[in-house]
Each structure stands twice: as structure tokens, then as C-alpha cells.
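Novice: Predicted model and sequence below, questions to follow.
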Amino acid sequence: MLTTILDQDRLRDKVSLTLRVSYFSSIFSFVFGLLCIFLLDIMEVVPYIFIGFGVLNLLNTLAYKYHKNLTLTYNVISISGLISSIIITLFTGGINSSFIFVLAVVVFAGYTSTRNYGKIYLYISILLIILIYVQGISEYSLTQNVVPADSQNLFSFLSILFSVYLLGGVLGKNLLRAHHNLYKTKHELEQQIKEKETLLKEVHHRVKNNLQTVSSLLSLQARSISDERMRTLIKSSQNRVISMAMVHEMLYMREDISKIEYSSYVQELGEYLVKSVKGATDNVSLRIDIPDIQLGIDTAIPLGLLINETITNALKYGIKDEEEGEIHITLRKVAHEEYVLMIGDNGVGYPENINMKNSKSLGLKLIHNLARQLKGSISRDTSKKGTNYILKFREVGENVQSVI
């Protein structure tokens, strides 16, 4: 978002800078052309090039209001300026003409547009200066100096003033203003983003607190129920709420509130579930192999719920009673926004003919529905002992719709 707004401001400043330079260049060209005729007594070529460039430049600037193509407008200004400068330089002393410094203005203007244009006009200007020099030392010069001898010093003086004012007074001043505006906009946007991040952290904090309140209410409800089956169902719902609360807790505790470190989340969730289902027994070990992978909230929550269901099923049905067992969770990034999760246990497992369609287990149905929500596919790995799944999924974007 910040990059997009800054790009828009940069484009707006670039348009403003290009149009200002164009208007000033047209005015100065008209004035210089008139000075050549009425003050410097230059009647050949030079004043007409100045006036012609001024007219063309003004028309080009006005045309921008209709076609809105800044690149076209800029290149017409630069190319016509380059050609006009070369012709004036050739007819006012060649390599000894003070007007040759205007070529530096064209190059500088190129760099204010883009780095590539600046390089192009730099190399072209260097080549043209070499050609002007070669033409000047040649015995067969194609041009002659049309500036009268008594006007040459004044022409040099005005040429240098023209170059310096365009370079510093017009280009430099407007470039500095554009830079200041861009810096000011960037600073204001950064402040707004910090404020929004603070508010978003507060939202995550409140969501976490609300989910913990729901979890506490479920826990109180479970204590007042004597039916063991109902208590188990409520406990399962409580664990699902806790798995979501953990995501929000980790988000508001991080500097980057868009993603969470998934390894620490899975470790914390796994340890909580083992204590919740098995109590204080230390017979179940967790083997978690997750590298430095960060996931957004739209992926982290459904994946966390899927892991919650898988571990819960393993603890309740796979690794029974006080038996020793192991739960393994491996997560790998295989391509851009594509992941593979291998999760399972070494317990007793369940028959291969049981699947989501014929099973009455809510946990099994949730596992398959959550896999769909993650835009992935899940399959059983029957080559290992116990119940093991291989989930292939993608990073989920915003505004994903739940399929649970």
C-alpha cells in the first residue's frame, strides 16, 4: 500500500517537474531568440532555432493535457532540446561555444526522469560533443560562427546564465521541491501505517481475550455436565477455540503483524493438546520439524485447526490410555506459496476402508474440509504405522471463504 501511494506521488511530482521545465524552457527560448535579434545583432539561424524550439516545446506541453503520455512529452522536449542545442552550438563557435553547456542540462533532465533516459542522453551528448570537436578541427568545417565579434562575449555570458538558471533555478529547484513533497508524503504515510498497526495489534489482542473468554465458558460448562461424551465434545470445541486464540496472541506480540512463526506456534499448540488430553503424563513425545516458515493469518488458523484435529484424534484414539507414543509434524515449502505438511502418530491407526464419506467422526470431516479451505489435498500415508496424513496446500489469500 505504501509503495503504491509513493509511486503515485512520484509520478505526480514527475509530471509537475516536466511541465514546469517545459514552460520555463519555452519562455527562455523566446526571450533568448529576441535578444539575439535586437541586442546581439544575430540574424542567421540561431534566433530562429530558439523561437522554433520555444513554439514546439509549448505545443508539446499543451498536447500533454490531451494524450497524458508523460514519456512522449518528456522525449519530445529532450530530443528537440538536444537537436536545437547542437545546431546553436555549431553556429556559435562549435567546441568553443559557451552554449555547449546546455547539453549538460539535457542530460541532467534525463536523470530526473529515469536512470535509463539519463544514461541514453549522456552517451548521446558525449558522442555529439566529440563530433563537434572533430568538425571544429577539420579543414572543411560545415558551419560558421554567426555571432558578430563584438557580441560574442555577451552571447557567452547569456548562454552561461541560461544554462546555470535552467540547471539550478528551474531543474534543481523543482527537483528539490518534488523530493521534499515525496519525503513529506512518505513520512505521513509511515505515521498512518504505524497507527493502523497499533490499532490492528489491539484488535488481535482483544480477539485473543474474547476467544479465551469463550474457552473459559466452555470449560465451566463442561464441569457442570456429567455425561462424559458431552464433556468430551465441549472439551474438543474448547481446544479448537484455543488453537485460534494462539494465532492472534502471536500476531499481536510480533513486530510483523501479518505473519507468525509457525514452528513456535505448532510447538506450543502440540504441548497444550498433549497436556489437555493426556494430563500430566509424559508418555507422548512431539517431534516437530518445521524450518523458518512464516504464514499469514488466513493460512495459519485453518492449518492450526487441522493440526489440532489430527493431534487430538491421535491422542484420543491412536495412542490410547497410558501407552507411549510419538506424534510427528513436518512442514516444508516446496514452491512459491506451496507447502507440504506430513503429520501423524505411531499409534494403532484406523481401518483403511474408513474415510470422510462413511465416517461419523466430526474430527475426520473437519480435517478434509480444512484441507479444501487451504486449497489443498490430503491423503493417508499407509506406509507408516499409525495414522499419518500428507497435506499439500497453498498460502491462502485474504477474503477466503470458509468451507467448514
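Specialist: Arrived safely, thanks for sending.

Novice: so where's the stretch 151-300 of the chain uncertain?
Specialist: 167-186, 188, 193, 252, 254-257 (pLDDT under 70).

Novice: do the same with the stretch 1-150 of the chain
Specialist: Within the stretch 1-150 of the chain, the ranges that satisfy pLDDT under 70 run 1-21, 109-115, 139-141.

Novice: Break down it into its strands, ranges please.
Specialist: With DSSP state E, counting those that start in this stretch as the criterion, the stretch 1-150 of the chain has no strands.

Novice: I figured L364 hits T312, correct?
Specialist: No. Look at L364 against T312 with CB atoms under 8 Å: they stay out of range, at 11.2 Å. (C-beta placed from N, C-alpha, C; glycine too.)

Novice: what's the burial count for K208?
Specialist: 20 (other CB atoms under 10 Å).

Novice: Checking my notes, it in a helix, right?
Specialist: Yes. Judged by DSSP: H, G, I helix; E, B strand; the rest coil, K208 forms part of a helix.

Novice: now it, nearest residue through space, not along the chain?
Specialist: What sits nearest to K208 in space, not counting adjacent residues and going by CB to CB, 6 or more residues apart in numbering, is H248, at 4.1 Å.

Novice: What segments of the stretch 201-350 of the chain are strands?
Specialist: Along the stretch 201-350 of the chain, counting by DSSP E, counting those that start in this stretch, strands occupy 259-261, 284-289, 294-296, 325-335, 338-345.

Novice: In JSON lines: these, plus distance to I129 and mean neighbour count.
Specialist: Listed next are the strands of the stretch 201-350 of the chain as JSON lines, based on distance: least, CB to CB, whole Å; neighbours: other CB atoms under 10 Å:
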{"stretch": "strand 259-261", "distance to I129": "54", "mean neighbour count": "20"}
{"stretch": "strand 284-289", "distance to I129": "65", "mean neighbour count": "15"}
{"stretch": "strand 294-296", "distance to I129": "54", "mean neighbour count": "18"}
{"stretch": "strand 325-335", "distance to I129": "52", "mean neighbour count": "16"}
{"stretch": "strand 338-345", "distance to I129": "55", "mean neighbour count": "20"}
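
Novice: And H248, how far from Y339?
Specialist: 21 Å (CB to CB, to the nearest Å).

Novice: let me fix that: F101
Specialist: 60 Å.

Novice: Kindly report the same for T387.
Specialist: From T387 to Y339 the distance is 20 Å (CB to CB).

Novice: Could you measure from F157 over to M250?
Specialist: From F157 to M250 the distance is 70 Å (CB to CB).

Novice: neighbour-wise, which of those two wins?
Specialist: Legend: neighbour count by other CB under 10 Å for F157 and M250, higher for M250 (21 against 11).

Novice: and the more buried one, what is it in contact with?
Specialist: I260, E261, S264, Y265 (CB atoms under 8 Å, 6 or more residues apart in numbering).

Novice: Can you tell me which of the residues you listed lies closest to L70?
Specialist: I260 (42.3 Å; CB to CB).

Novice: which one of the contacts of M250 is nearest K119?
Specialist: Nearest to K119 among the contacts of M250, with distances taken as CB to CB, is E261, at 43.2 Å.

Novice: how about the nearest residue to the closest one, chain neighbours excluded?
Specialist: That would be Q294: by CB to CB, 6+ apart, it lies 6.0 Å from E261.
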